[in-house]
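S.K.: what would the 3D arrangement of this be:
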Amino acid sequence: MKGIIMQLVRFHAVVGLAIVSMFLSGCASLVGQQPSAISQLVLAEPERAEFRYEIELARLDQVLTEDLSPEQRAELYYRRGALYDAVGLSTLARMDFTRALEYNPRLADAYNFLGIQYTQLQEFDYAYEAFDSAIELEPKHNYAYLNRGIAEYYDSRYELSKEDLEYHLEREPSDPYRVIWLYLTSVDINAENAKSTLRQNINELNKSDWGYQIAQLFLGNLHVDEFLEKMTQQLGEDEQLTERLCEAYFYLGKYMQLKNKPLDAMNYFKLALSTNVYEFVEHRYASVELDRIRQSLINR
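M.R.: Numbering: from 1, shown residues only. Model (predicted):
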């Protein structure tokens, strides 16, 4: 889901392909389930932060020692927090976003980032407080409604999640990821209605868009093997394979969850995490998905 949270330049990944034949395996002994065998998995070399990110962080560290106005200091802490977030240093990022708000409590984007971080920690009350603050400061914030909707989804508040995600979709009905997230939260309310709505919403999508293939997977119009084959094809000019794989494996994990195949789902979420595309929604919440599956297996 490109550009959904970060407004920084994406990593330029050094991508390597390895075609392997393997069985998705997991703790089958826990539930007596044998994961399905999937061949021709495409693996990518994890993304690496560009050298210029390190240079920028060092420069910000230096500038923050200078005499600055509260507004300037807030902006610099926010920028450094965004860079920390982009390279996966979430604790340092959270500290900087908090500092930024101490100097300027009207930074809606900092609240939005904090909400995302608290959602990843599954500290939902703090997440809602942060997203509500972002929306109060900037009622038309690009992504606060999406991110609050995702928080509500993981907090099992599906009706509220659906309202936020419907509002987010109305603002850009041609965005396949908005369509997909609305479907995911709607399934837990009424699976039949969710699929019917997905079938209607897909008509607004560009069929050449990669996200359209993901929607087709959930509709059942695309077999998993076909999806795996398509996920390496027709990369856009600004699209990296590692980013594509991060999305593909996350949504395959969600698909396997809906098919009641938690062990396969776990392995796909692990593959999404292995890409290191930290800024993508799919990478952010793959770890949350893993925690939830593990807990559900323990509680059986």
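S.K.: can you count the residues close to the closest residue to residue 184 other than its chain neighbours?
M.R.: Once flanking residues are discounted, residue 184 sits nearest to residue 254: 6.2 Å by C-beta to C-beta, 6 or more residues apart in numbering. Backbone N, C-alpha and C define where each C-beta goes, glycine included. By the criterion of other C-beta atoms under 10 Å, residue 254 has 24 neighbours.
S.K.: residue 42 belongs to a strand?
M.R.: Yes. Checked against DSSP: H, G, I helix; E, B strand; the rest coil, residue 42 lies within a strand.
S.K.: okay, it: pLDDT?
M.R.: We have a pLDDT of 73 for residue 42.
S.K.: next one: the one 4 residues further on
M.R.: For residue 46, the pLDDT comes out at 75.
S.K.: could we number from 360 for the rest of this?
M.R.: Done: numbering now begins at 360, and the last item shifts to residue 405.
S.K.: number of residues surrounding it?
M.R.: 17.
S.K.: and what about the residue lying closest to it once chain neighbours are set aside, helix, strand or coil?
M.R.: Once flanking residues are discounted, residue 405 sits nearest to residue 635: 3.9 Å by C-beta to C-beta, 6+ apart. Of the three states, residue 635 takes coil under three-state DSSP.
S.K.: next up, phi/psi of residue 635, please.
M.R.: With angles defined as degrees, to the nearest 10, residue 635 sits at phi 60, psi 30.
S.K.: how much space is there between it and residue 564?
M.R.: Residue 635 sits 28 Å away from residue 564 when distances are taken as C-beta to C-beta, to the nearest Å.
S.K.: assess the claim that residue 536 and residue 570 are in contact.
M.R.: Yes. Using C-beta atoms under 8 Å, residue 536 is in contact with residue 570, at 5.7 Å.
S.K.: hmm, what's the outermost residue in this protein?
M.R.: residue 426 (37.2 Å; C-alpha atoms, centre = their mean).
S.K.: which residues touch it?
M.R.: Applying C-beta atoms under 8 Å, 6 or more residues apart in numbering to residue 426 gives no contacts.
S.K.: how long is stretch 457-466 end to end?
M.R.: Stretch 457-466 has an end-to-end distance of 10 Å (C-alpha to C-alpha, to the nearest Å).
S.K.: should've said stretch 422-437
M.R.: 13 Å.
S.K.: mind checking the pLDDT average for that stretch?
M.R.: On average, stretch 422-437 scores 95.
S.K.: tell me the buried residues in that stretch?
M.R.: Buried positions in stretch 422-437, judged by neighbour count with 16 or more other C-beta atoms under 10 Å: 432-437.
S.K.: and what of stretch 551-566?
M.R.: Applying 16+ other C-beta under 10 Å to stretch 551-566 flags 553-554, 556-557, 560-561, 564 as buried.
S.K.: of all these, which two lie farthest apart?
M.R.: Maximum pairwise distance in these, criterion C-beta to C-beta, is 16.4 Å, between 553 and 564.
S.K.: mind listing the helices for the stretch 360-509 of the chain?
M.R.: 387-390, 410-422, 429-445, 449-462, 467-479, 483-496, 503-513 (DSSP state H, counting those that start in this stretch).
S.K.: if you average pLDDT per helix and strand, which one of this protein comes out bottom?
M.R.: Here the helix or strand of the chain ranked lowest by mean pLDDT, DSSP states H and E is strand 376-382, holding a mean of 35.
S.K.: mind listing what the residue nearest to residue 543 touches?
M.R.: 543, 624, 648 are the contacts of residue 613 under C-beta under 8 Å, 6+ apart.
S.K.: so after the helix or strand harbouring it, what's the next helix or strand?
M.R.: Counting by DSSP states H and E, the element that carries residue 613 is helix 600-617. Sequence-wise, the next helix or strand downstream of helix 600-617 (DSSP H and E) is helix 621-632.
S.K.: other SSEs contacting that following helix?
M.R.: Here helix 621-632 touches helix 387-390, helix 600-617, helix 640-657, going by 3 or more C-beta pairs under 8 Å, 6 or more residues apart in numbering; DSSP states H and E.
S.K.: pLDDT on the shortest one, on average?
M.R.: Taken as a whole, helix 387-390 has a mean pLDDT of 40.
S.K.: re earlier: neighbour-wise, which one of the contacts of residue 613 leads?
M.R.: Busiest of the contacts of residue 613 [other C-beta under 10 Å] is residue 624, holding 25 neighbours.
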